[in-house]
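**Student:** this is a predicted model, with the sequence first.
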Amino acid sequence: MKIATVREFRDKATGFLRSSDPVLITRRGRLAGIFFPQPESSLPIEMKREIFPILSAEIARQVRTVGLAEDEVLADFREWRKRKREARRRR
């Protein structure tokens, strides 16, 4: 896994997009995101086990910060899926 700042990721995006390595993106030393290139196969289970709790905790923190309820998040997700399905049917 590579580590890059937001600025470095932006400036070298083409190279990162061509790479097969995941990139941990930081902003001011804190996690800003993780980029996973389209893998030929699934991510190794060890990596999934390492990343899942970090991402889950960050998502939970952001949901608490915004003050969303779980029902609101689920309703928003259902609406997004509905719009996505409708857009596919229009093609």
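**Tutor:** Okay, I see it. Small disclaimer: the values here were computed from a predicted structure and weren't measured.

**Student:** ok, F35 - contacts?
**Tutor:** Residues in contact with F35 (C-beta atoms under 8 Å, 6 or more residues apart in numbering) are 9, 16, 22-23, 25. (Glycine included, C-beta is placed from N, CA and C.)

**Student:** filter these down to the buried ones, ChimeraX style.
**Tutor:** Buried subset of those, written as a ChimeraX selection, criterion 16 or more other C-beta atoms under 10 Å:
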select :9,16,22,23,25
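
**Student:** which of the contacts of F35 lies closest to T65?
**Tutor:** Nearest to T65 among these is I25, at 19.5 Å by C-beta to C-beta.

**Student:** burial count for F36?
**Tutor:** 13 (other C-beta atoms under 10 Å).

**Student:** in terms of pLDDT, where does the residue nearest the centre of the chain sit?
**Tutor:** For the chain, the residue sitting closest to the mean C-alpha position, by C-alpha atoms, centre = their mean, is I34 at 5.7 Å. Looking at I34, its pLDDT stands at 89.

**Student:** now do the contacts for it.
**Tutor:** 22-25, 51, 55.

**Student:** ok now whichever strand or helix holds it, how far from the chain's centre?
**Tutor:** Per DSSP states H and E, I34 falls inside strand 30-35. Mean-position distance between strand 30-35 and its chain equals 8 Å (C-alpha atoms, centre = their mean, to the nearest Å).
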